[in-house]
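Visitor: Only the shape, not the letters, is given here:
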């Protein structure tokens, strides 16, 4: 008997790095578990209610129910760097250790990737601009993918899914980088203690 696809639900329309990376993180996790899933982009409350994982939409943060929105009044709390969570931060808070393979690796990725995306999504600048130019952030990559006013947004869901694939590659590499860095640190510490 074929198992039902898990439903990953987020909002339709324009997108940001937080919903893209939340979809990427959940996709990687479900793929590792051998689960089939689909990503649905909607604001229809009846469809949202059917989601197995709902992020950046729905007005609810409930980790146990896999509801990861941060747009409700009062937000959804702050992480260890005193930065309000975005949908990515909330997903990572619950599943980061499982995805990264250890708490230490999850914390590295939170600091390098998740918390900066949380900050940007909540309007917090992490760097001071000293020049008339600004850094090109990961968010800018996804903004470049959004259709312009001349192009129309008929293919926006397709573009979102392409962005999720890019984010999956980045997140998978960040996980490998964090794991290998920690392995090297442990090897050096072991050698030092036994010398």
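Guide: Yep, it's here. Just so it is clear, the model here is predicted, and its values are computed rather than measured.
Visitor: Going by C-alpha atoms from here, please, whenever you check contacts or count neighbours.
Guide: OK.
Visitor: hey, where'd the helices end up in this structure?
Guide: 17-32, 45-48, 87-100, 103-109, 115-121, 138-145, 156-193 (DSSP state H).
Visitor: For residue 4, which of those helices is the nearest?
Guide: Shortest distance between residue 4 and the helices of the chain, using C-alpha to C-alpha, is found for helix 17-32: 13.0 Å.
Visitor: tell me what the closest one is packed against?
Guide: In terms of contact count using 3 or more C-alpha pairs under 8 Å, 6 or more residues apart in numbering; DSSP states H and E, helix 17-32 is assigned the packing partners strand 6-10, strand 37-41, helix 87-100, helix 115-121, helix 138-145, helix 156-193.
Visitor: switch to 7 Å and redo it
Guide: With contacts defined as 3 or more C-alpha pairs under 7 Å, 6 or more residues apart in numbering; DSSP states H and E, the packing partners of helix 17-32 are helix 87-100, helix 115-121, helix 156-193.
Visitor: Against residue 55, how distant is residue 91?
Guide: 8 Å (C-alpha to C-alpha, to the nearest Å).
Visitor: shared neighbours of those two, anything?
Guide: Residues within reach of residue 91 and of residue 55 at once, by C-alpha atoms under 7 Å, 6 or more residues apart in numbering, are residue 68.
Visitor: re the thing from before, can you redo the helices and strands packed on helix 17-32 as a markdown table with mean neighbour count, distance to residue 108 and mean pLDDT?
Guide: Putting the helices and strands packed on helix 17-32 into a markdown table (neighbours: other C-alpha atoms under 10 Å; distance: least, C-alpha to C-alpha, whole Å; pLDDT from 0 to 100) gives the following:
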| stretch | mean neighbour count | distance to residue 108 | mean pLDDT |
| --- | --- | --- | --- |
| helix 87-100 | 23 | 9 | 97 |
| helix 115-121 | 23 | 10 | 95 |
| helix 156-193 | 16 | 6 | 89 |
